[in-house]
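Enquirer: What follows is a predicted protein model with its sequence.
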Amino acid sequence: MKTDLLLVPMGARYGEMRAAAVAAEEAGFDGLWTWDHLRDPDGGAASSVPEVWTTLAALAEATRRIVLGPLVLNVGMRQPGLLANMAATLQQVSGGRLLLGLGAGGSRATPYVREQEGIGMPVEPDAVRAARVAEACQVLRRLWAGDASDFAGTHYRLEQPTGFLRSDPAPPIVVGGFGPRMAAIAGRWADGFNTPARHPQLAELIAMARDAHAKAGRDPARFLVTVFAGLADGWLGADSGPRRSLAALGVARVILLVSPPYDLARIHAAGRLLHARSEAP
């Protein structure tokens, strides 16, 4: 099982994120993620939230080995044709290290609704936002593969698209969600599913996603399951109970959240603990 860090961007500056990313790579973590948000719901006028894609592109130049990804991109904020080109470019910049997380964005019940309303973008009902994720996955794959045929979805269209930047290799798409609808979309249209490590229905959601993957004619053994939790010693090392439980469910990556100001000494210490346990006889 891979172990990644997620840099919470609320209240961060890019220089701090860069230093933490370099520390994570030095400490032996496998991946690095950050959130897709435009403002801190608790930050007021002093909110400081670096934009996710610009940050990832810069971190791709600052690192050499560690994989990079957004957890997760709100498809309502970026037209998928543009996103396909952005992702293909980042694959070039990073040397193929992108894991592309996609999601439906926050509902009206979340504090993040204000970041879309504040710039005049509507927040649609749950079913509509989920359907956009499914269609976005299809658009991305078509453009990355150089498919020049038309596509007519409910939300997105392609009309004889030619000449767009192709992604070689295409990054795995990991759909994030918290319930059966998004688990099924992940299984049907994506390459993986992300949800909380302590979700009370974790096993059931993973099974739903893998079942949908199999019904789509794809190999469920290759389906990528990732989960997230706070950085704590219990998630570090193969001999920990929580980690063994995840491994039994076939989880491929555990993503551990760290908030600014990032403690670089803590990141290095966590890396030592992770590798001391994984290398123990």
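Expert: That came through, no problem.
Enquirer: Based on its surroundings, how many neighbours for the closest residue to Arg157 other than its chain neighbours?
Expert: Here the nearest residue to Arg157 in space, its sequence neighbours aside, is Phe151; by C-beta to C-beta, 6 or more residues apart in numbering that works out to 6.4 Å. For every residue, glycine as well, the C-beta is placed using N, CA and C. Burial measure for Phe151: 15 neighbouring residues, criterion other C-beta atoms under 10 Å.
Enquirer: Phe151: what's it in contact with?
Expert: Neighbour list for Phe151: 138-139, 142, 157-158 [criterion: C-beta atoms under 8 Å, 6 or more residues apart in numbering].
Enquirer: Likewise for Thr34?
Expert: Residues in contact with Thr34 (C-beta under 8 Å, 6+ apart) are 6-9, 17, 50, 52, 55-56, 70-71.
Enquirer: returning to that earlier point: any idea which of the contacts of Phe151 has the most stuff around it?
Expert: Val139 (23 neighbours).
Enquirer: which of the contacts of Phe151 lies closest to Gly217?
Expert: Gln138 (14.9 Å; C-beta to C-beta).
Enquirer: Now do the SS call for that closest one.
Expert: helix (DSSP: H, G, I helix; E, B strand; the rest coil).
Enquirer: That one contacts Trp189, correct?
Expert: Yes. Gln138 sits in contact with Trp189 when judged by C-beta atoms under 8 Å, with a separation of 6.5 Å.
Enquirer: ok, and for the helix or strand harbouring Ile267, which residues are buried?
Expert: Using DSSP states H and E, Ile267 sits in helix 264-278. Of the residues in helix 264-278, those buried by neighbour count under the rule 16 or more other C-beta atoms under 10 Å are 264, 267, 270-271, 274-275.
Enquirer: Distance to Leu100 and pLDDT for those residues - can I get that in a markdown table?
Expert: Conversion of those to a markdown table gives the following (distance: C-beta to C-beta, whole Å; pLDDT from 0 to 100):
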| residue | distance to Leu100 | pLDDT |
| --- | --- | --- |
| Leu264 | 27 | 98 |
| Ile267 | 24 | 98 |
| Ala270 | 26 | 97 |
| Gly271 | 25 | 96 |
| Leu274 | 25 | 91 |
| His275 | 28 | 88 |
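Enquirer: Name the nearest of these relative to Leu202.
Expert: If you rank the buried residues of helix 264-278 by distance to Leu202 using C-beta to C-beta, Leu274 comes first, at 21.6 Å.
Enquirer: which residue sits closest to Asp191, ignoring its sequence neighbours?
Expert: Among residues not flanking Asp191 along the chain, Pro172 sits closest, at 4.0 Å (C-beta to C-beta, 6+ apart).
Enquirer: Which parts of the stretch 51-200 of the chain are helices?
Expert: With DSSP state H, counting those that start in this stretch applied, the stretch 51-200 of the chain shows helices at 52-62, 80-94, 113-117, 126-145, 180-189, listed in chain order.
Enquirer: Those: which one's closest to Leu165?
Expert: Comparing the helices of the stretch 51-200 of the chain by their distance to Leu165 (C-beta to C-beta), the top pick is helix 80-94, with 4.3 Å.
Enquirer: any idea of the mean pLDDT for the closest one?
Expert: For helix 80-94, mean pLDDT is 97.
Enquirer: how about the strands in this structure?
Expert: 2-7, 31-34, 67-70, 73-74, 100-103, 151-152, 157-158, 173-176, 192-196, 224-230, 253-258 (DSSP state E).
Enquirer: follow-up on the earlier one: my guess is the residue nearest to Asp191 contacts Val225. True?
Expert: No. Under the criterion of C-beta under 8 Å, Pro172 is not in contact with Val225, lying 11.6 Å apart.
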